[in-house]
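# Below is the sequence, then the predicted model.
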Amino acid sequence: MLNAIGMLIVAAALGLACVTGRSWSVRRRALIRLYAMDDHRAAAPGPAGRDAALGRWLARSGYRRPNAQALFVAATAACLVVGFAISQAYRQLVFRPLLDAVSNVPGSAGDMLALVLQGGPWILFVLAVFVPTLLVRTRRRSRVRAIEQDLPLALELFATMAEAGLGFDAALANIVKAQGLDRPLVTEFVGFQHDMLAGMPRAQALRQLAHRVDVPSLTSFTSALIQAEHVGASMAETLQHQAVDLRQRRRENALLQAQALPVKLVFPLVVCFLPGIFVSTLAPVLFQMVQVANSVVRSGR
């Protein structure tokens, strides 16, 4: 009797343990799934992330007003409406007369031209919509080009002033005073000075400068300065090495562009020069051949 009761108690305990373990495993899997969904939602690019990316892109292009994103979105919407109007005007005023003229072209050339004309409204619409994006991209490229042009001279001035005994902040103040504020690099240096005056540490201000500009040459310059400050290296030697390295990289880029120039000249040479050369050299021969052929035909008659 006691053995039977003991066996029932053990069986009940085992059943309770199994149920408890199963429920805990189910709960654990549910919690893991919930955390995974939360992580996925946090990693998903939401509207806030897209707005931040748009703001960073506009800021790196030089548009840093608080309403820059709203103006860009409004300009894109306005260009969308204008592009739709232009495509409809093209469809009503230009497309039909051109289609009638192209339909008279014999062979498959007329069909190909008709397909191109049918895609004309969509091409105009897409070009009009992307006008603000192209303008911002052009501004970004010109800004990067200006910074890369001004940075070697700034590094040379930094190195010269550091060798003369001036500190980094004093040299930066002299460079800002010597150059105009209309240059993008000087504008970024002024922003760096404002960060320093606001109480930000120099290393963090340099990281903010590299993050705002996002130019590889300036990023390497700020990284070298941060490393030199952390390890206690000489600022003058660091600036001199950076100036030499940047000058060497500019020389290598100039050599690469010079080596790529013959390849780039092939297309204009083939399209522009060779037809003129062929016409100037072969035109007299072709004219004489036509005259001979005409004389032979007339004598045969």
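Thanks, I have it.

# check contacts around the closest residue to residue 64 other than its chain neighbours.
In space, not counting the residues next to it along the chain, residue 64 is nearest to residue 58; the distance is 7.4 Å by CB to CB, 6 or more residues apart in numbering. Heads up, the C-betas are built off the backbone N, CA and C, glycines and all. With contact taken as CB atoms under 8 Å, 6 or more residues apart in numbering, residue 58 is in contact with 64, 68, 69, 72, 136.

# Can I get the buried part of those residues as one ChimeraX selection?
Isolation of the buried members of the contacts of residue 58 (16 or more other CB atoms under 10 Å) is achieved in ChimeraX through the command below:
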select :68,69,72,136
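
# in the stretch 1-150 of the chain, which segments are predicted with low confidence?
Counting by pLDDT under 70, the stretch 1-150 of the chain contains low-confidence residues at 1-51, 95-96, 99-114, 116.

# same question, the stretch 151-300 of the chain
Regions of the stretch 151-300 of the chain meeting the criterion pLDDT under 70 cover residues 300.

# what ranges do the helices span in it?
In order along the chain, the stretch 151-300 of the chain carries the following helices (DSSP state H, counting those that start in this stretch): 168-178, 184-197, 202-213, 216-231, 235-264, 266-268, 274-300.

# Now render the contacts of residue 58 as a markdown table, adding secondary structure.
Written out in a markdown table, the entries for these read as follows (DSSP: H, G, I helix; E, B strand; the rest coil):
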| residue | secondary structure |
| --- | --- |
| 64 | coil |
| 68 | helix |
| 69 | helix |
| 72 | helix |
| 136 | helix |
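
# how about CSV for the contacts of residue 58, with distance to residue 117 added?
Formatted as CSV, these follow (distance: CB to CB, whole Å):
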residue, distance to residue 117
64, 43
68, 38
69, 37
72, 32
136, 31
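
# ok, so of the contacts of residue 58, who is nearest residue 211?
When those are compared for distance to residue 211 (CB to CB), residue 64 wins out at 13.1 Å.

# The closest one and residue 222, how far apart?
Relative to residue 222, residue 64 is positioned 19 Å away (CB to CB, to the nearest Å).

# ditto for residue 93
Using CB to CB, one gets 55 Å for the distance from residue 93 to residue 222.

# which one of these two has more residues nearby?
Each of residue 93 and residue 222 has its neighbours counted (other CB atoms under 10 Å); residue 222 has more, 20 against 10.

# check contacts around the more buried one.
Under the criterion of CB under 8 Å, 6+ apart, the contact partners of residue 222 comprise 206, 207, 209, 210.

# doesn't residue 224 make contact with the last one?
No: using CB atoms under 8 Å as the test, residue 210 is too far from residue 224 to be in contact (11.0 Å).

# Just want to know which of the two has more residues nearby.
residue 210 (20 against 17).

# Cool, thanks, talk later.
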